[in-house]
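> sequence? don't have it. structure:
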């Protein structure tokens, strides 16, 4: 079954400028949201304690709060997760408290209030110094990945294409972070892993189109650059859509069946796959074109000459 | 055309068979088991096996199997009930010389084990347990260094007969004061000669010498403190009875401790973080305690407080520290009925104790309980570490006779405290206080759920992607589905072989890899369709499709690999777990999507006349 008819010949780049304009507008929106609202950082980055408890039967949140307040944790946030017998308690970094012992105190307080002792599902404590380091190493990984890819593409292809690929990648990452900022979805270490995966996906998608652009430039010698790029995008369209579909299917499965711990991971990936597909067509290829990519830039190097002319 | 040489097919088949072999152990479940290892001089041998078996027989417990391997005894059971009962009985039987821990032992059949095949190593988020990241207080290390060198300088100057006014610690170094300039010059020469680790620093005062420590000395001491702490933590973890603990250095001041299956995290934290040790000192019975409490402490004394808050004067000289203790156990004091700790000293310690007590019969001796605590306090919104030392006199007793290698101390509040103190004395003291800077605990039920969800999403992910490929590319799609299955087997085999830790984000990585691994097949098939449209014969199209797509596949995978490596190198926790499976998945998918699919395509279409290809 052929999902995408092979001679669609859509004129993608006709909307190139509009799309880049639109993307820039959206990205500005994302940056503004980041500046105004910031990210809802999870425990990994802020430090503090998160405790997940499961009671034998349904429990009242106010009751839990009261018990916590009595023990000196008035600033703790309590919420249900999943059902009325499962509770998530967040305690911000505490003043004058031996931080690692804090979860013990919380548990003692909750066992003392008359209800049956809850089962501990999860305890996470992150000290403030660790949180800072995680942010640093995470950001560094992102920079390292981006620069590495930039160098590889510049070497294998051409600098305009490398810049286009990076523009698309940055576009996708900022967009994903923007969504997390606008909707104030919790951003934790797993989300960061997802962002890095989005970088990988986005570049993967882009490189395939670039490969075709290079090939078509060598094949269609008299055709103007814009048309060549457009042909390349059309030639690879079936593959772009197919791969986006299989990847999307996989991450939707993760979102539905993977459980709470990787919910945000799957969510970022879903957004990333959709936006990554769009950006490899409109941002990566179009910006390479507007940077002045021409046939001469992609002339086959001596050894590849035979290959390019079948 | 389109036929692989026989050896090529053989190699591919061989790779697949090896993959299946090493992935196989993951299909066998785990047995609840009791693991017995020796702590000190005790031996794990067939005699022990016999003892354990008799004890289990007496208790009416039927182990499934018992084996001696890697210096430990593993007894397998059919259910957890029997396992718990057995652990209890065996624990009582063997006492302090052995560690009896609960374990889940993989029930990999012997023929697979002979190939060194083992199931994947599951992360704590999948099996449940505690992860601690601990930081060694390096400020305290420097502090200890200052104190030690101040003492060394005093001893040195005394033995060289150089007079000095005072030796004290200064910030990150030491300071020596003199009364005459001649003494200063003499001291300078002596110290330069004998204490090379001290580096002189400029000091304007003509009657003063200042030193800092050489870079080498500081680094050495820091490394020593870290290594010593790791050893101590390992001893303590052994005392806790954990089956497969991980205790590793991370960076230059941190230690990772992972305790799979530990539920009582409160006790684990208490034991791991405790820095309690003991000191024995004589009581200065002539000193004026009231005046000392006002601040006038006699020169050779130090003011302490008992547990009830009463001040007491002890001699500055320490008879003995906890370092000389070889064994300690807790129990009940026969006379008072209170909790007691029974202590054994090594030869050197016993000599010191004898020397000190033979001249002090009739005098009072105090046992000082010392605990270092490091707390993080928020000062003006900034986290600051505050170290404090609790020094309490837990016991004062009159020396009735010369003390030797064995004696008991009393004065502890309750049996639990006696037990903990005995454990800490056995395991040794921490060289420097440590602080838990990160904790992640996953309960057993949560771990089980994580595995289930991960497993289910992998299965569903595979089915969905495979179906989609079959619908889109028919026979060729089915080929890529088979290649995908081989890919998953290879990923599992690689993870098992490398014993890399599989975490929940790692499973997410596998599912994501499934979605992206077929990309190579998509590229090949789209190319194949294109070549067919251009009018190439089916055989030529297969040839062209595979070879033209390869360069693209390589570029796409290398860039993907770059981001994976960045994650692995710089990420931590979930990022790293994800990166591991992603990297392995990219590598194996290159093999399966290109080589394995090609072999299958060749098998179906190669070497004969083909009218059309089902793609």
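Done, it's in. Since the structure is predicted, the reported quantities are computational estimates derived from the model, not experimental observations.

> For residue B:15, which three-state class applies?
Put simply, residue B:15 is helix when judged by DSSP: H, G, I helix; E, B strand; the rest coil.

> which non-adjacent residue is nearest it?
Distances taken as C-beta to C-beta, 6 or more residues apart in numbering or on different chains place residue B:591 nearest to residue B:15, at 7.3 Å, with adjacent residues excluded. Every C-beta, even on glycine, is put in place using the N, C-alpha and C of the backbone.

> For residue B:240, the count of nearby residues, please.
By the measure other C-beta atoms under 10 Å in any protein chain shown, the count of residues near residue B:240 is 19.

> Give the full set of residues in contact with it.
Going by C-beta atoms under 8 Å, 6 or more residues apart in numbering or on different chains, residue B:240 touches B:259, B:262, B:267, B:268, B:271.

> for residue B:285, same thing?
Applying C-beta under 8 Å, 6+ apart, the residues near residue B:285 are B:363, B:364.

> what about it, distance to residue A:249?
Separation of residue B:285 from residue A:249 (C-beta to C-beta, to the nearest Å) stands at 83 Å.

> And residue B:128, by the same measure?
31 Å.

> cool, residue B:564 as well?
Taking C-beta to C-beta, one finds residue B:564 at 21 Å from residue A:249.

> who's more crowded, those two?
Set residue B:564 next to residue A:249 and count neighbours by other C-beta under 10 Å: residue B:564 wins out with 26 against 21.

> any idea which element that one lies in?
helix B:538-570 (DSSP states H and E).

> so what secondary structure elements neighbour that helix?
Under the contact definition 3 or more C-beta pairs under 8 Å, 6 or more residues apart in numbering or on different chains; DSSP states H and E, helix B:538-570 sits against helix A:128-156, helix A:189-219, helix B:504-533, helix B:574-590, helix B:597-605.

> now the residue in the stretch 101-250 of chain B that chain A sits nearest to: how far from residue A:131?
Residue nearest to chain A within the stretch 101-250 of chain B: residue B:133 (6.7 Å; C-beta to the nearest C-beta). According to C-beta to C-beta, residue B:133 and residue A:131 sit 12 Å apart.

> Common neighbours of these two, please.
By C-beta under 8 Å, 6+ apart, no residue touches both residue B:133 and residue A:131.

> and the helix ranked longest in chain A with helix A:189-219, angle?
Using DSSP state H to define each element, chain A has its longest helix at helix A:225-257. Helix A:225-257 runs at 150 degrees relative to helix A:189-219, counting by axes from the mean of the first three to the mean of the last three C-alpha atoms, to 10 degrees.

> Can you work out which other helices and strands pack against the helix or strand that helix A:225-257 is followed by?
Downstream of helix A:225-257, the next assigned helix or strand under DSSP H and E is helix A:263-279. Packing partners of helix A:263-279 (3+ C-beta pairs under 8 Å, 6+ apart): helix A:159-182, helix A:189-219, helix A:225-257, helix B:504-533.

> elements contacting the longest one?
The criterion is 3+ C-beta pairs under 8 Å, 6+ apart, and the helices and strands that helix A:225-257 contacts are helix A:189-219, helix A:263-279, helix A:286-290, helix B:444-498, helix B:504-533.

> Now do the first one against helix B:504-533, angle only.
What it means is helix A:189-219. Interaxial angle of helix A:189-219 relative to helix B:504-533 (the same axes, to 10 degrees): 20 degrees.

> show me the contacts for the closest residue to chain A within the stretch 151-300 of chain B.
Residue of the stretch 151-300 of chain B nearest chain A, by C-beta to the nearest C-beta: residue B:266 (4.5 Å). Residue B:266 is in contact with A:104, A:107, counting by C-beta under 8 Å, 6+ apart.

> from what I can see, it looks like it's in a helix, true?
Yes. Looking at residue B:266 with three-state DSSP, it is inside a helix.

> Any figure for the gap between residue A:271 and chain B?
Using C-beta to the nearest C-beta, to the nearest Å, one gets 14 Å for the distance from residue A:271 to chain B.

> Who are the contact partners of that residue?
Applying C-beta under 8 Å, 6+ apart, the residues near residue A:271 are A:175, A:176, A:179, A:198.

> cutoff 6 Å now
A:176, A:179 (C-beta atoms under 6 Å, 6 or more residues apart in numbering or on different chains).

> got it, and the one 10 residues further on?
With contacts defined as C-beta under 6 Å, 6+ apart, the neighbours of residue A:281 are A:12, A:233.

> What is the burial count for the closest residue to residue A:71 other than its chain neighbours?
Of all residues not flanking residue A:71 in the chain, residue A:109 sits nearest, at 3.4 Å (C-beta to C-beta, 6+ apart). Neighbour count of residue A:109, defined by other C-beta under 10 Å: 18.

> Can you tell me the element residue A:109 falls in?
Element membership for residue A:109, per DSSP H and E: helix A:102-111.

> list the buried ones in that helix?
A:102, A:103, A:104, A:105, A:106, A:107, A:109, A:110 (16 or more other C-beta atoms under 10 Å in any protein chain shown).

> so what's the last one closest to, chain neighbours aside?
What sits nearest to residue A:110 in space, not counting adjacent residues and going by C-beta to C-beta, 6+ apart, is residue A:67, at 5.5 Å.

> Pretty sure the one you found sits against residue A:107.
No. Taking contacts as C-beta atoms under 6 Å, residue A:67 lies outside contact range of residue A:107: 10.8 Å.

> Give me the local confidence score for the residue of the stretch 151-300 of chain B closest to chain A.
For residue B:266, the pLDDT comes out at 72.

> so what's residue 287 up against?
Picked chain A for this. For residue A:287, the contact set (C-beta under 6 Å, 6+ apart) comprises A:164, A:167.

> nope, chain B please
Residue B:287 neighbours (C-beta under 6 Å, 6+ apart): B:298, B:301, B:313.

> helix/strand/coil for the first one?
In other words, residue B:298. Once three-state DSSP is applied, residue B:298 turns out coil.

> Likewise for the last one?
Recorded secondary structure, residue B:313: strand (three-state DSSP).

> my guess is it contacts residue B:290, does it?
No. Checked against C-beta under 6 Å, the pair residue B:313 and residue B:290 is beyond contact range at 10.3 Å.

> Which of those two has more residues huddled nearby?
Legend: neighbour count by other C-beta under 10 Å for residue B:313 and residue B:290, higher for residue B:313 (23 against 9).
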